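Participant: Structural data only, the sequence is not supplied:
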């Protein structure tokens, strides 16, 4: 029986990476590529601030082609939606019917995604949806997933967390007001190891900078 084709919305972070591992484990959907938005001006993953070179290394380690959507800087919501529409139209023409997301519990974000996909007769798949994020974070680490915090929102989390390894010690130190998976945008991660990769994507920590109200840890190959 032919499995339906899907792209995975790839942020370079732990949630999308763990979603990839979970869908592969279930083996009922064929993932044919990683879909990522990139800030063209900085040549980095939008919001996470991760260099394109590292993004490409992740795709290689995952054994999947990378489909990058280049966005202007600054980028209005209308510009983002127009660029996404082009990518989704191309995907649908290739018989891709699903986009897989690592979303966890934000209902408004899921509804927004479904509205965008419906215009192309596509649907979203959410393998991590509704899981307790405290347990989910521990499960990710137990699976062998390793990541670093690439971006921190200093309104919710001290800037000293930028660049740190996402591990049990970090989870123990998070303020009670911060979601353990950073689902509300408290932090974003870059995955270096895990069951979704055939080889590690090793990085070392470069400069930590504050830009546009966020703290970014420059991760270097």
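Facilitator: Perfect, thanks for sending it. This structure is a prediction, so every number in the text was calculated from the model and none was measured.
Participant: Could you give me the buried positions within whichever strand in the chain runs longest?
Facilitator: Assignment by DSSP state E gives strand 30-39 as the longest strand of the chain. Along strand 30-39, these residues count as buried under the neighbour rule (16 or more other C-beta atoms under 10 Å): 31-39. (Glycine included, C-beta is placed from N, CA and C.)
Participant: Can you get me the centre-to-centre distance for that strand and its chain?
Facilitator: Distance, stretch centre to chain centre, for strand 30-39: 10 Å (C-alpha atoms, centre = their mean, to the nearest Å).
Participant: cool, stretch 107-125 as well?
Facilitator: So, by C-alpha atoms, centre = their mean, the centroid of stretch 107-125 is 17 Å from its chain's centroid.
Participant: buried stuff in that stretch?
Facilitator: Buried, per 16+ other C-beta under 10 Å, within stretch 107-125: 110, 113, 116-117, 120, 122, 124-125.
Participant: Same check on stretch 134-141?
Facilitator: Residues of stretch 134-141 classed as buried by neighbour count (16+ other C-beta under 10 Å): 136-137, 140-141.
Participant: so how far is it off the chain centroid?
Facilitator: 16 Å.
Participant: And for stretch 20-34?
Facilitator: 15 Å.
Participant: try stretch 113-128
Facilitator: With C-alpha atoms, centre = their mean as the basis, the mean position of stretch 113-128 lies at 16 Å from the chain mean.
Participant: that older thread, which strands and helices sit next to the longest strand of the chain?
Facilitator: strand 5-9, helix 14-26, strand 44-45, helix 52-62, strand 66-71, helix 77-93, strand 96-100 (3 or more C-beta pairs under 8 Å, 6 or more residues apart in numbering; DSSP states H and E).
Participant: any chance of the ones you listed in CSV, with mean pLDDT, distance to residue 197 and mean neighbour count too?
Facilitator: Formatted as CSV, the helices and strands packed on strand 30-39 follow (pLDDT from 0 to 100; distance: least, C-beta to C-beta, whole Å; neighbours: other C-beta atoms under 10 Å):
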stretch, mean pLDDT, distance to residue 197, mean neighbour count
strand 5-9, 98, 14, 22
helix 14-26, 98, 8, 21
strand 44-45, 90, 17, 24
helix 52-62, 97, 4, 19
strand 66-71, 94, 14, 17
helix 77-93, 95, 23, 14
strand 96-100, 98, 17, 21
